[in-house]
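Peer 1: got a predicted structure plus its sequence, pasted below:
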Amino acid sequence: MIPADEALKRLKTGNARFVADLLDLPAMANQSRRADLIKEQTPFAIILGCSDSRVPAEIIFNQGLGDLFVIRVAGNIVAPSLLGSVEFSAVQHGARLVVVLGHTLCGAIQATVSELKQPSANRSPNLQSIVNRIQPSVQTLMEAGLDNDETTLVKLATRANIRSSVAHLKHGSQILENLIANDGLCIVGAEYSLETGEVDFFEEDFDVARPAAIEH
């Protein structure tokens with residue numbers, strides 16, 4: 001089992017390689033590694049990220065087959081099935097780091113802003129369920145007076161939505177709460193920059209769970 005702090009270092013190192021255009025491509029698609037993974041997998045981190053095609057977790061973190069347990073959904077929201085997926089990997093695979101990965105210029109955030117400014121009667125109920133989960137993060141900022149500055153609103157709402165998902169994972173599951181308290185699980189938010197390729201980890205989230213990992 002790889003501790004959360006070591007897993008975080010691996011992700012940071014991999015992202016640095018990606019930004020520097022120094023991807024280790026053989027390691028990402030090694031055929032012998034594929035054979036080793038047939039019977040079992042031991043991913044060292046769980047990534048709950050956005051479905052955006054520009055944010056493939058394995059590539060931006062320069063990781064290969066079997067390294068990451070990736071869950072993707074528009075707006076990196078937390079719904080019951082997604083929470084269950086995180087629980088599954090944390091318990092079954094022993095991954096001790098969960099990263100909620102949002103990104104700049106997120107379409108789901110922009111769609112939520114548009115919906116709040118001009119509600120659509122024709123929106124799919126399935127898409128609406130995503131908007132509804134993002135809405136509190138956006139609405140709070142709009143009520144604070146940012147409704148006339150959409151660029152800043154989207155930027156701040158993206159980070160607020162990431163933090164909301166982190167909080168939901170930390171406090172919406174007894175299984176995850178127990179792993180955080182007793183077995184070194186850490187849940188941290190992060191934002192990927194489409195402009196630079198860099199991932200900004202919300203270090204204060206990591207520090208909250210770190211003592212449990214050290215004691216264990």
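Peer 2: In hand now; what should we look at? As the structure is a computational prediction, the values presented were derived from the model and not from experiment. Numbers count the residues shown, from 1 in each chain.
Peer 1: element containing S129?
Peer 2: In the assignment (DSSP states H and E), S129 maps to helix 125-141.
Peer 1: who touches that helix?
Peer 2: Counting by CB atoms under 8 Å, 6 or more residues apart in numbering, the neighbours of helix 125-141 from elsewhere in the structure are 73-75, 77-79, 108-109, 111-113, 115-116, 123, 153, 156-157, 160-161, 163-164. Heads up, the C-betas are built off the backbone N, CA and C, glycines and all.
Peer 1: now do stretch 8-27
Peer 2: Contacts of stretch 8-27 from elsewhere in the structure, counted by CB under 8 Å, 6+ apart, are 2, 33, 44-45, 59-64, 97, 99, 186, 188, 196-199, 201, 206.
Peer 1: in it, what counts as buried?
Peer 2: Residues of stretch 8-27 classed as buried by neighbour count (16 or more other CB atoms under 10 Å): L8, R10, L11, G14, N15, F18.
Peer 1: from C186, how far off is the third one?
Peer 2: When CB to CB, to the nearest Å is the yardstick, L11 and C186 sit 12 Å from each other.
Peer 1: list residues touching both of those two?
Peer 2: With contacts defined as CB under 8 Å, 6+ apart, the residues adjacent to both L11 and C186 are L97.
Peer 1: so which of the buried residues of stretch 8-27 are in helices?
Peer 2: Using DSSP state H, the members of the buried residues of stretch 8-27 that fall in helices are L8, R10, L11, G14, N15, F18.
Peer 1: what's the distance between the second one and G102?
Peer 2: Spelled out, that is R10. R10 sits at a distance of 20 Å from G102 (criterion: CB to CB).
Peer 1: can you check the first one too?
Peer 2: Taking CB to CB as the measure, L8 falls 17 Å from G102.
Peer 1: which helix or strand in the protein has the lowest average pLDDT?
Peer 2: helix 203-215 (a mean of 51; mean pLDDT, DSSP states H and E).
Peer 1: same list, the ones in helices among the buried residues of stretch 8-27, but as CSV with pLDDT and distance to A144 please.
Peer 2: Putting those into CSV (pLDDT from 0 to 100; distance: CB to CB, whole Å) gives the following:
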residue, pLDDT, distance to A144
L8, 97, 32
R10, 97, 37
L11, 98, 32
G14, 96, 36
N15, 98, 32
F18, 96, 35
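Peer 1: which one of those residues is nearest N178?
Peer 2: Proximity of those to N178, judged by CB to CB, is greatest for L8, which lies at 21.1 Å.
Peer 1: partner residues bridging L101?
Peer 2: As for beta bridges, L101 partners with G49, A190 under DSSP bridges.
Peer 1: does it really touch D52, like I thought?
Peer 2: No. Proximity of L101 to D52 does not meet the contact threshold set by CB atoms under 8 Å, at 10.0 Å.
Peer 1: comparing the two, which residue is more hemmed in?
Peer 2: Between L101 and D52, counted using other CB atoms under 10 Å, the more crowded position is L101 (26 against 19).
Peer 1: residues in contact with the more buried one?
Peer 2: Contact criterion CB under 8 Å, 6+ apart gives I47, L48, G49, C50, V55, A57, N76, I162, A190, E191, Y192, V199 as the residues in contact with L101.
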